[in-house]
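what shape does this take:
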Amino acid sequence: MTARVIHTGQALVDVVLEVPRLPVRGGNVNASSYTRYAGGAVSILLAAARTGADAVHAGAHGTGPNGDLVRAALAAEGVRVTAPPVPGEDTGICVVQVEPTAERTFVTTYGAERRISVDSLDTSAPVAGDLVCVTGYSLYAPTRDPLLAWLEGLAAGVDVVLDPGAALADLPDVARRVLALTDVWTSNAEEALELSGVEDVEAACAAVASHLTDGAVVVVRDGPEGCFVRTGGETTYVPGFPQTPVDTNGAGDAHTGVLCAERALGTPWVEAARRANAAGAIKVTRRGPATAPTRAEVDAFLAGQH
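Numbers count the residues shown, from 1 in each chain. Modelled structure (predicted):
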């Protein structure tokens, strides 16, 4: 059996508004478009599935139209949902405002996706070799306690992949607990700075690694410039592929999904990061969060680089 990419985080519906600028407080702007997408953990799982990995969603999902949209998006790409729907409650939304610069701003609600338990997560049945993805946004209540209890009971050989988001700076006690369980850290440069206090992206890799268990892998993204990968005590720069972006929403998710999928398929870390950089570059030229490329599209993109 090949390793699986299992995501424990929130599958939401992204309500995406393209706006000329953010409104001032108390003001208004007119959006030029309005679109609903399945987003959040969906973006990472679809990127993993399109890369060829066996992808699984272990998180919670609702019984209303938002939950239906999430399940349909996952099913269309062959991603298995293991937990049953939460009765009587729908999946939440994330309102995403996208500016002409491709910068995005979020407002997120809570819904059925927060109703996890040790038993619901355990329906994914991870085994040695699987990669279990954790988002820092799950470290807030009410998902925090059941998630940490479940992670602490995982079998030996299951790799925990932490995508910290902005949560760790707010939750120092929880941060120490989850970092002790982390086998792979993957973040942007700002999130690495928040943990390490180190501004240089390359140096931040070693600084982040000092907070993790021995042998943990650290990947820090530096936007269009690429990323740094620290494994085996050495840090390697993996160049990016700068593009003219139209929508950066989901670019980090595409990177994480492809990175994890490549590792599940046995690709060495540096090459996995190179392919993840390519996926992120392709994604920013597409509108919508869950628009990561397929493996064939990444192959074609890389073949065209010099």
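
every contact and neighbour count from this point should use C-alpha atoms.
OK.

leaving out chain neighbours, which residue sits closest to Arg50?
Closest residue to Arg50 apart from its sequence neighbours, by CA to CA, 6 or more residues apart in numbering: Thr294 at 4.6 Å.

SS state for the nearest residue to Asn249 once chain neighbours are set aside?
Once flanking residues are discounted, Asn249 sits nearest to Pro289: 5.2 Å by CA to CA, 6+ apart. Of the three states, Pro289 takes coil under DSSP: H, G, I helix; E, B strand; the rest coil.

check contacts around Pro289.
Contact analysis of Pro289 by CA atoms under 8 Å, 6 or more residues apart in numbering lists Asp14, Tyr37, Ala38, Gly39, Ser43, Asn249, Gly250, Ala251.

which residue in these has the weakest pLDDT?
Within the set of the contacts of Pro289, pLDDT is lowest for Asn249 (81).

please identify the helix or strand for it.
Per DSSP states H and E: Asn249 is located in neither a helix nor a strand.

try the one 3 residues further on
In this structure, Gly252 is located in helix 251-264 according to DSSP H and E.

from the contact counts, what lies against the helix or strand just after that helix?
Using DSSP H and E, the helix or strand that follows helix 251-264 towards the C-terminus is helix 269-283. Counting contacts by 3 or more CA pairs under 8 Å, 6 or more residues apart in numbering; DSSP states H and E, helix 269-283 is packed against strand 226-231, strand 234-239, helix 251-264, helix 295-303.

how does it look with 10 Å?
helix 41-51, strand 217-221, strand 226-231, strand 234-239, helix 251-264, helix 295-303 (3 or more CA pairs under 10 Å, 6 or more residues apart in numbering; DSSP states H and E).

relative to Leu148, which of these is closest?
helix 41-51 (17.8 Å; CA to CA).

now that closest one against helix 251-264, angle please.
Put simply, helix 41-51 runs at 40 degrees to helix 251-264, going by axes from the mean of the first three to the mean of the last three CA atoms, to 10 degrees.

now helix 41-51, how far from the chain's geometric center?
9 Å (CA atoms, centre = their mean, to the nearest Å).

how far off helix 269-283 does it point, in degrees?
Using the same axes, to 10 degrees: helix 41-51 against helix 269-283 is 110 degrees.

using PDB, write out every CA atom in helix 41-51.
Provided in PDB are the C-alpha atoms of helix 41-51 (Å, rounded to 0.1, in the frame of the first residue of the first chain):
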ATOM      1  CA  ALA A  41      -8.700  21.700   3.600                       C
ATOM      2  CA  VAL A  42     -10.300  20.900   0.300                       C
ATOM      3  CA  SER A  43      -7.600  23.000  -1.600                       C
ATOM      4  CA  ILE A  44      -4.800  20.900  -0.100                       C
ATOM      5  CA  LEU A  45      -6.600  17.600  -0.600                       C
ATOM      6  CA  LEU A  46      -7.400  18.300  -4.300                       C
ATOM      7  CA  ALA A  47      -3.800  19.300  -4.900                       C
ATOM      8  CA  ALA A  48      -2.700  16.000  -3.400                       C
ATOM      9  CA  ALA A  49      -5.200  14.000  -5.400                       C
ATOM     10  CA  ARG A  50      -4.300  15.700  -8.600                       C
ATOM     11  CA  THR A  51      -0.600  14.800  -7.900                       C
END
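
centre of the chain to the helix or strand that that helix is followed by, how far?
Counting by DSSP H and E, the next helix or strand C-terminal to helix 41-51 is strand 54-57. Strand 54-57 has its average C-alpha position 13 Å from the chain's average C-alpha position, going by CA atoms, centre = their mean.

then stretch 163-172?
With CA atoms, centre = their mean as the basis, stretch 163-172 stands 14 Å off its chain's centre.

same thing with stretch 95-110?
16 Å.

what mean pLDDT does it have?
91.

just stretch 126-138 next, same as before
97.

buried ones in it, by neighbour count?
Neighbour-count burial for stretch 126-138 flags Pro126, Val127, Gly129, Asp130, Leu131, Val132, Cys133, Val134, Thr135, Gly136, Tyr137, Ser138 (criterion: 16 or more other CA atoms under 10 Å).

for stretch 165-181, same thing?
Gly165, Ala166, Ala167, Leu168, Val174, Ala175, Val178, Leu179, Leu181.

ok, which pair from those residues is furthest apart?
Largest pairwise distance in the buried residues of stretch 165-181, by CA to CA, is 18.2 Å, between Ala166 and Leu181.

quick one: neighbours of Asp299, just the number.
By other CA atoms under 10 Å, the residues close to Asp299 number 14.

list the contacts of it.
Arg275, Ala278, Ala279, Pro293 (CA atoms under 10 Å, 6 or more residues apart in numbering).

right, I'll leave it there.
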